[in-house]
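Chemist: Predicted coordinates and the sequence they were generated for:
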Amino acid sequence: MAKITKTARRLYLVDGSGYLFRAYFAMARSRQGLTRKSDGLPVGAVLGFSNMLNKLLTDMQDEHDPTHLAVIFDHSSKTFRNDIYTEYKGNRPDAPEDLIPQFPLVREATRAFNVPCIETEGYEADDIIATYARKAEADGDEVVIISSDKDLMQLVSDNISMFDPMKNKRIGREEVIEKFGLPPENVVDIQALAGDSSDNVPGVPGIGIKTAAQLIEEYGDLETLLERASEIKQNKRRENLIEFADQARISKKLVELCADVPLDDGLDSLALRSIDLDLLMPFLEKMEFNQLIERIKRDFGDDRSLVAEGSTMTGAAGEQEYETIFDEAALQKWIDAAYVRGVIAVDTETNSLNAMRASLVGISMATQPGQACYIPLGHGGDGLALDDEDAAKQIPLEKAISLLKPMLEDPAVLKIGQNMKYDALILSRYGVNIAPFDDTMLISYALDCGRGGHGMDELAKRHLDYDTIKFSDIAGTGKKAKTFDQIHIKEAAKYAAEDADITLRLYQVLKPRLAAEGKTTVYETLERPLAPIIVGMEREGVKVDRSVLSALSSDFAQRMAASEAEAYELAGEAFKLGSPKQIAEILFGKLDMPGGRKTAKGAWSTNAEVLEELAAAGHDLPRVILEWRSLSKLKSTYTDALPEDIHPDTGRIHTSYSLAATTTGRLSSNDPNLQNIPIRTEDGRKIRTAFVHEKGNVLVAADYSQIELRLLAHIADLKSMKQAFADGIDIHAMTASEMFGVPVKDMDPMVRRRAKAINFGIIYGISAFGLANQLGISRGEAKDYIDAYFKKFPGIRHYMDETIAFAKSHGYVETIFGRRTYVGGINEKNPAMRGYSERQAINAPIQGAAADVIRRAMIRMPQALQDAGLGAKMLLQVHDELIFECAKGEAKKVCDLVSKIMIGAPQPAVTLSVPLVVDARPGSNWGEAH
DNA sequence: TGCTTCACG
DNA sequence: GACGTACGTGAAGCAC
């Protein structure tokens, strides 16, 4: 018998009624309600239910492996809640006619799968679930509730999570906070205030989930809030809270689940039982679920009991064999194993997150799940006192590198890593060019973009249901956090080896999905090959002239001091110019200026838009504050901060690009962010002159002109816009001309500006409100513009409608290159959230396609430059722009070649129906080249 | 740590 | 008509 050790239970509680309803409506939408062939009995929901149950019982290598399982149903009678409030669920329409016969059938299905089927008179399924869940939790068990019902979210805790079987999505604490704004323990109070129209829970009028969350956050709990309701500032809200206080208390009783339902069956009686084919098959045959019958026969064979086999993750936790390596012979054994297997997971440990500054501290490797090693190389180095006798036994770093290098560079051995860009850069600084490699983070990004993060801890939890050792667990946090070289080798080894182990396991789960889900091309052409290219760029860095920055800092400091003095004078007192709170007090309190808008949290907004309005109305202080702010921003974020990032050895700044940070496929830049270096103001632009080149070189900047609008014209098939691009006409002027019927020649710049704003708005998923805000016009006027636009470019409407419809039915959108982004919330009831998702859905294929195009260009660039005999180096990417450094003499050739590669980047995967245009020019600094 | 603000495409 | 918005980022300073 395998190791069914004395482990805690993993109790799965299926919300049977909830699932049935959702399966019914999902089926009804997709195939008009499946019926039994022989007599037309409606069985669609029963099939969905049976499939779900089968998946739970047999998908062992998937994320589920219950040890205990039960399906809970509502009992079809009044519950105790009707005694509290007669109207409870009083507005529920009767069940659809073709669902009614399926109620008894799902109970039959449950029993056929040999699963306990539980219901109790007088209680809802939710109460029974609550009772079992709390009981199991108290026993130290893990509980998974199969449901997406928000009424159950109050139960979520460290040991209790939910799983939405339709969306295949886990619902934990994070997701509850996402939905309610506060953690599970506050959910009851929020629901009591907000009420629920579908259950006919009254709540307090005028309060929705968002407001409720704010109130509970502020006052702690419902009772405190109701007692102190008189303090509420908003009149209507205060009155309602006072008037409807008792209604809120009743609502609370309605939404609060009862966790002491009398139970007939104890937890142990819910232990998972084997599927009994003699029990199951007759039922499935009766239902005529032929596909499911085939699948179960195939999966099950005749005498195989899946339940008796134990589970993968139990094996994982119990079967770790981690070796710490102190001698060359042992290391050689692992290297040999890598050659034998042809695949090995690799992870480096260092003393810093900054790959250009980090020193190698150790390397871990895994050859099979559960079998991993750690090679400590730099613990206790640099004379740091590390009370660890193991440190003396470490293999010398150079020796280990020389043994590992041939394997790490051997094309016959595939290396697997998580965020391998980091490890590859570290290793390259030690003379090892690791290749070829696969990256679980990038695979996850290709598969699940938009579904959550792609960090290892998160992936381990999501795909392996495994809690990794957190770095902070062994290193601590805050100021006294240790670096990896200061951690004792015994402890470090467990952490490091686990990382390699988990990476390998993740690879085994994720890699097959690429082919299965049609994302191999995306991964192989847009993700995987980019990583080594970025390594090259990061290592190259960009030269920055410290003296330019320090001169600017001095200039800004002087002018800030002047602004500061003037501001104090105007305010009649000194105050913190950096504090929005104090600014609001002075402007809207002391000086009594009209304070227009508030921030999300209800404070007076003092952002540039507000201050500019006040300045335009003739007030001096807001204008001075704006000047100070702008200088302060430039100084603290750029001229003061950037010199810190100049590498002591290279004299250059080496940013780090995140390859899997955005939901659209764009890169992001951090530490420092070189994608937001100022350009829009004159002062800001001066900062760009600090980005320079080595002697004898120049910088070359090449950017795509209007790439997103061109891609939109292609994707949405906008005939007149495509024609304009083909003819090389100023696209914003052309838009204005089409919309307002004015000639392009001698156009009023204001008119063109409006058209430009609309063009941008379209890309963002336009709304009248947003456009009105952008242009400072009324909402009605903005709406007229949008309508005019839709009329002139009918393809737009179509594209938007189609894209939203696609997102609604699939849950994701894709670029023309196949990059997929999952868009959550597109079927959300809340119109604001839905609107947000819809705009995401519209924008992602456009922004994403542009990101795909420049990725393709970047991937080809180094080889193309080399093939052309050019020594130019690609340094930076800023979404639609690439920056290079090359010898002065080859600048012209570089401009031409770079433009050619960028323009041809979509080919051969996609042939655009609009031309791409690239502007490339040399300069002695970034400001000049741009 | 969360909020606000602001730099970029 | 709800509900709060233009899409996508990262970083700094303040206030808790």
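Modeler: Yes, it's here. Not measured: the values here are computed from a predicted model.
Chemist: contacts, neighbours, all on C-alpha from now
Modeler: Fine.
Chemist: how close does A:His879 sit to A:Val910?
Modeler: Distance, A:His879 to A:Val910, using C-alpha to C-alpha, to the nearest Å: 20 Å.
Chemist: Those two: which has the busier surroundings?
Modeler: Set A:His879 next to A:Val910 and count neighbours by other C-alpha atoms under 10 Å: A:His879 wins out with 17 against 12.
Chemist: so A:Asp759 touches A:Leu709, yeah?
Modeler: Careful, residue A:759 is Asn; it's not Asp. Yes. If you go by C-alpha atoms under 8 Å, A:Asn759 and A:Leu709 touch, sitting 7.5 Å apart.
Chemist: Spatially nearest residue to A:Leu634 (excluding sequence neighbours)?
Modeler: Using C-alpha to C-alpha, 6 or more residues apart in numbering and skipping the chain neighbours, the partner closest in space to A:Leu634 is A:Gly684 (6.6 Å).
Chemist: mind listing what A:Ser161 touches?
Modeler: Neighbouring residues of A:Ser161 by C-alpha atoms under 8 Å, 6 or more residues apart in numbering: A:143-145, A:155, A:170-173.
Chemist: Show me which positions of whichever strand or helix holds A:Gly770 end up buried.
Modeler: Per DSSP states H and E, A:Gly770 falls inside helix A:768-775. Across helix A:768-775, burial judged by 16 or more other C-alpha atoms under 10 Å covers A:768, A:770-772.
Chemist: now swap in stretch A:355-369 and tell me
Modeler: By neighbour count on 16+ other C-alpha under 10 Å, the buried set for stretch A:355-369 is A:355-357, A:359-369.
Chemist: So which of those is the closest to DNA strand B?
Modeler: Nearest to DNA strand B among these, counting by C-alpha to the nearest atom of the strand, is A:Ala355 at 22.0 Å.
Chemist: Contact partners for that closest one?
Modeler: Shown in contact with A:Ala355 (C-alpha under 8 Å, 6+ apart): A:422-423, A:425-426.
Chemist: May I have the helix holding A:Gly770 exported as PDB, CA atoms only?
Modeler: Written as PDB, here are the backbone C-alpha positions of helix A:768-775 (Å, rounded to 0.1, in the frame of the first residue of the first chain):
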ATOM      1  CA  ALA A 768     -18.700  59.100 -23.600                       C
ATOM      2  CA  PHE A 769     -17.700  59.900 -20.100                       C
ATOM      3  CA  GLY A 770     -14.000  59.200 -20.700                       C
ATOM      4  CA  LEU A 771     -13.900  61.200 -23.900                       C
ATOM      5  CA  ALA A 772     -15.800  64.100 -22.400                       C
ATOM      6  CA  ASN A 773     -13.300  64.100 -19.500                       C
ATOM      7  CA  GLN A 774     -10.300  64.000 -21.900                       C
ATOM      8  CA  LEU A 775     -11.500  66.800 -24.100                       C
END
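Chemist: helices or strands up against it?
Modeler: With contacts taken as 3 or more C-alpha pairs under 8 Å, 6 or more residues apart in numbering; DSSP states H and E, helix A:768-775 sits against helix A:749-763, helix A:779-792.
Chemist: which stretch among those helices comes nearest DNA strand C?
Modeler: Among the helices and strands packed on helix A:768-775, helix A:749-763 comes nearest to DNA strand C, with 2.9 Å by C-alpha to the nearest atom of the strand.
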